[in-house]
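Colleague: Below: sequence and its predicted model.
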Amino acid sequence: MTALTLRNARGEDIPVTEFSATEAKNSFGRVLDTAFSQGMVAITKRDRPTAVILSLDAYQALLGTQTKPLDALSHEFDALLQRMQGAASRDAMLDAFDASPDEMGQAAVALHHN
């Protein structure tokens, strides 16, 4: 039984107890106890990680991290889309499409200097 480093649900690199596939087969109870107490363990084959066993708490934390960023991005997208539906945004886009190449160049230079 050794340790390697894996990323947890919060994106932190943490040491994770490692069991060979043979150890996992012969001592599955010890593997589960370690997963329960440490959150996760890695199973290796020929010294390479091939599987991870998670405690239920670690698994639920991992699932929770997936939905929160998506919810936040959905709200940001909805707010951005709402702002883009306004008259000012519509007028700005029409001005941009109607701009001459010289006007576009001047706008790009002005934006770059700000």
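Modeller: Thanks, I have the structure now. These numbers were taken from a predicted model, which means no experiment stands behind them. Residues are numbered from 1 along each chain as shown.

Colleague: Mind checking what secondary structure the residue lying closest to A99 once chain neighbours are set aside has?
Modeller: The spatially closest residue to A99, leaving aside those adjacent along the chain, is A107, at 7.1 Å (Cβ to Cβ, 6 or more residues apart in numbering). Heads up, the C-betas are built off the backbone N, CA and C, glycines and all. Per DSSP: H, G, I helix; E, B strand; the rest coil, the local secondary structure of A107 is helix.

Colleague: Please enumerate the helices of the protein.
Modeller: Assigned helices in the chain, in chain order: 21-26, 28-38, 56-84, 87-98, 101-113 (criterion: DSSP state H).

Colleague: pLDDT on the longest one, on average?
Modeller: The predicted model gives helix 56-84 an average pLDDT of 81.

Colleague: Distance-wise, check E76 relative to R10.
Modeller: Applying Cβ to Cβ, to the nearest Å, the value for E76 to R10 is 21 Å.

Colleague: ok, back up a step: can you say which of the helices of the chain is nearest to T44?
Modeller: Distances from T44 to each of those were compared using Cβ to Cβ; the minimum, 6.8 Å, belongs to helix 21-26.

Colleague: Just checking, which helix or strand of the chain averages the lowest pLDDT?
Modeller: For the chain, using mean pLDDT, DSSP states H and E, the weakest element among its helices and strands is strand 2-7, scoring a mean of 75.

Colleague: how does the chain divide up, domain by domain?
Modeller: 2-54, 68-113 (automatic domain parsing).

Colleague: Need the ones you listed in JSON lines (columns: mean neighbour count and distance to L62).
Modeller: Conversion of those to JSON lines gives the following (neighbours: other Cβ atoms under 10 Å; distance: least, Cβ to Cβ, whole Å):
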{"stretch": "domain 2-54", "mean neighbour count": "15", "distance to L62": "4"}
{"stretch": "domain 68-113", "mean neighbour count": "10", "distance to L62": "12"}
